[in-house]
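> my questions concern the predicted model and sequence given below.
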Amino acid sequence: MDMRRFLPIILIAFAALFILPQLFKGGSSSKTLSSKDRAVLTRDAMLRIDRAQKNAFAKSGQYNDRLADFVVADKVLARELTVPLDIDLSTGAGAKSYVVTVSSDVLSVSRARNGAKVIASSCRQLKSRIGYSCPEPPTTTTTTTATTTSG
């Protein structure tokens, strides 16, 4: 028996068993977060920090500038920090105001409060086509009344 006759069949079988599965494995079982998932987690982290700040202000009348206090109290926030996120948290004079900016590679969001009132909230996509749109800020409606006098 001549083994050279079977060599092409053996090579095709080898490729089918070992090489082809590696080529088609990539996309279906990916364990990385999609751009949309990273954007959603970025915004959620900002909202969780804002909620914790509201609670701190309601209890003590002051905002907190220590992120570690929020992470210890909120296990979901601790998991979201693995996106990775860049968080800038700062309080104003007397800790009566604060601003937080949370950024990932796809989204940047911020919120500022003075007292209990939100004075600024913004969202910016850093990459296009991530499958996530920043929520539209609420529009303020103004009403005008006209008075006419007849003589």
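Now that the structure is in, tell me what you want to look at.

> residues making contact with the worst-scoring helix or strand of the chain on mean pLDDT?
When the helices and strands of the chain are scored by mean pLDDT, DSSP states H and E, helix 20-24 comes last with a mean of 72. The contact list for helix 20-24, computed with CB atoms under 8 Å, 6 or more residues apart in numbering, is empty. Yep, even glycine has a C-beta here, placed from its N, CA and C like the rest.

> in the helix or strand where R51 lies, what counts as buried?
Using DSSP states H and E, R51 maps to helix 35-60. Neighbour-count burial for helix 35-60, counted by 16 or more other CB atoms under 10 Å, picks out 35, 38-43, 45-46, 48-50, 52-53, 56-57.

> against which helices or strands is it packed?
Here helix 35-60 touches helix 67-73, helix 75-80, strand 86-91, strand 97-103, strand 107-114, going by 3 or more CB pairs under 8 Å, 6 or more residues apart in numbering; DSSP states H and E.

> now the third one: mean pLDDT?
Along strand 86-91, the predicted confidence averages to a pLDDT of 96.

> which parts of that strand are buried?
For strand 86-91, by 16+ other CB under 10 Å, it's I87, L89, T91.

> ok, now the second one?
Neighbour-count burial for helix 75-80 flags L77, E80 (criterion: 16+ other CB under 10 Å).

> other SSEs contacting it?
The contact analysis (3+ CB pairs under 8 Å, 6+ apart) places helix 75-80 against helix 35-60, helix 67-73.

> can you check the third one too?
Helices and strands touching strand 86-91, by 3+ CB pairs under 8 Å, 6+ apart, are helix 35-60, strand 97-103.

> can I get the ones you listed in TSV including mean pLDDT?
Below are the helices and strands packed on strand 86-91 laid out as TSV (pLDDT from 0 to 100):
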stretch	mean pLDDT
helix 35-60	95
strand 97-103	97
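
> which of the ones you listed sits closest to S121?
Closest of those to S121 is helix 35-60, at 8.7 Å (criterion: CB to CB).
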